[in-house]
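> Whatever this is, show me its structure:
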Amino acid sequence: EAVTLAVLMYPLLRGLALQLHSALTGSYIPGTSSVAFISCLNEQIAKDIARAIMDKKLAAQVNILPKSSALYFWKGELEESTEILLIVKTRTSKIGELSNYVRSIHPFEIPEIISLPIDQGNPLYLKWIEENVPRD
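Prediction:
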C-alpha cells in the first residue's frame, strides 16, 4: 500500500521539487514553456492571427515563416496548397487557451494547432518567455 501511494505521489512530489529548485536557483523547469505551430492560408491571415495572439498576451513571440508547400488528405482526397506557418513561443500552461482562441478566429474548419514542450534552451531566453506571458 505504501509503495502504491509513493508511486502515485511521485509525479506531484517531483513537480514540487522541481519548482522549489527553480525558485531557489533560478533554473528552468523543462516543459514550462512550449512552441506551438499554427498553419495559415496566407500572409494577411497569419499576421492577423499573430497580432491577435500577442494582443491577448498568449505568447512572448510569434514568428511568421514564409510560404511552404503542404500535402495533406482532406475529406478523402489528396490536396496540395501553400501555407504560412506561425511559430508561437508561450507558457505550456497557456496552450489550451491559445488553441481555443485560435480555433475561434481561424478561417480553417480544422486549423493545425500543435505544440511541443521546450525541454532545454538558452536559460535567459526561456526566462524571457516566462516574464512576457502572464501566469494563469
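
> and the gap between the residue nearest to residue 87 when sequence neighbours are not counted and residue 78?
With Cβ to Cβ, 6 or more residues apart in numbering as the criterion, residue 87 has its nearest non-adjacent residue at 4.3 Å, and that residue is residue 63. Every residue, glycine included, has its C-beta placed from N, CA and C. According to Cβ to Cβ, to the nearest Å, residue 63 stands 29 Å off from residue 78.

> Among the two, which residue is more densely surrounded?
The residue with more neighbours, out of residue 63 and residue 78 and counting by other Cβ atoms under 10 Å, is residue 63; that gives 11 against 8.

> secondary structure element for that one?
In this assignment (DSSP states H and E), residue 63 forms part of strand 61-74.

> next one: residue 44
With DSSP H and E as criterion, residue 44 is part of helix 43-55.

> Tell me the gap between stretch 123-130 and the middle of its chain.
Put simply, stretch 123-130 sits 14 Å off its chain's centre (Cα atoms, centre = their mean, to the nearest Å).

> List the buried residues in it.
126, 129-130 (16 or more other Cβ atoms under 10 Å).

> So which residues make contact with it?
Applying Cβ atoms under 8 Å, 6 or more residues apart in numbering, the contact partners of stretch 123-130 are 26-28, 32-33, 60-61, 89-91, 118.
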